[in-house]
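Trainee: Let's see this in three dimensions:
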Amino acid sequence: LDYLGTEYREKRQILDDSHRKFHVLQEAVMERSHIMSELTEAIARIKQDIQETGSQHEGGGAVIHRVKESISSIKEELKMMETRIAVNRNRILKMHLKAK
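Mentor: This next block holds a predicted model:
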């Protein structure tokens, strides 16, 4: 019977050690799970920031395109105005020469 008592205490000690190791490992897993959830949230925020930045750049691209179109339109108008000015100068010169 004394032999069984000793064996029981040894097995109980092994069980207690296993329980302590289990709790230490369980805490480590919980800590890593917490870190992983924080990292997952950070990644989600970064993805959202990237999408918002991309949207802003796309919107900026549209604005730049409209500005370029406006500049082209203004250049065309300037050419037409210069042509009209040249025609009117020519008319005035002709009128001035006729008057002499």
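Trainee: okay, which residue is most central for the protein?
Mentor: Geometric centre of the chain, nearest residue: Ile50, 1.0 Å, by Cα atoms, centre = their mean.
Trainee: tell me the pLDDT at that residue?
Mentor: pLDDT for Ile50: 82.
Trainee: Please apply the same query to Arg12.
Mentor: Turning to Arg12, the model gives it a pLDDT of 94.
Trainee: Run a quick neighbour tally on it.
Mentor: When neighbours are defined as other Cβ atoms under 10 Å, Arg12 has 10 of them. To be clear about C-beta, it is placed using only N, CA and C from the backbone, and glycine gets the same treatment.
Trainee: what sits against it?
Mentor: Shown here is Arg12, which makes no contacts under the criterion Cβ atoms under 8 Å, 6 or more residues apart in numbering.
Trainee: Let me know how buried Ser73 is, in neighbour terms.
Mentor: The local packing count at Ser73 equals 10, with neighbours defined by other Cβ under 10 Å.
Trainee: how near is it to Glu38?
Mentor: Here the criterion is Cβ to Cβ, to the nearest Å. By it, Ser73 lies 52 Å from Glu38.
Trainee: And Ala44, by the same measure?
Mentor: When Ala44 is compared with Glu38 (using Cβ to Cβ), they lie 11 Å apart.
Trainee: what's the spacing between Ile46 and Glu52?
Mentor: According to Cβ to Cβ, Ile46 stands 11 Å off from Glu52.
Trainee: go on, Thr83?
Mentor: In this structure, Thr83 and Glu52 are 47 Å apart, going by Cβ to Cβ.
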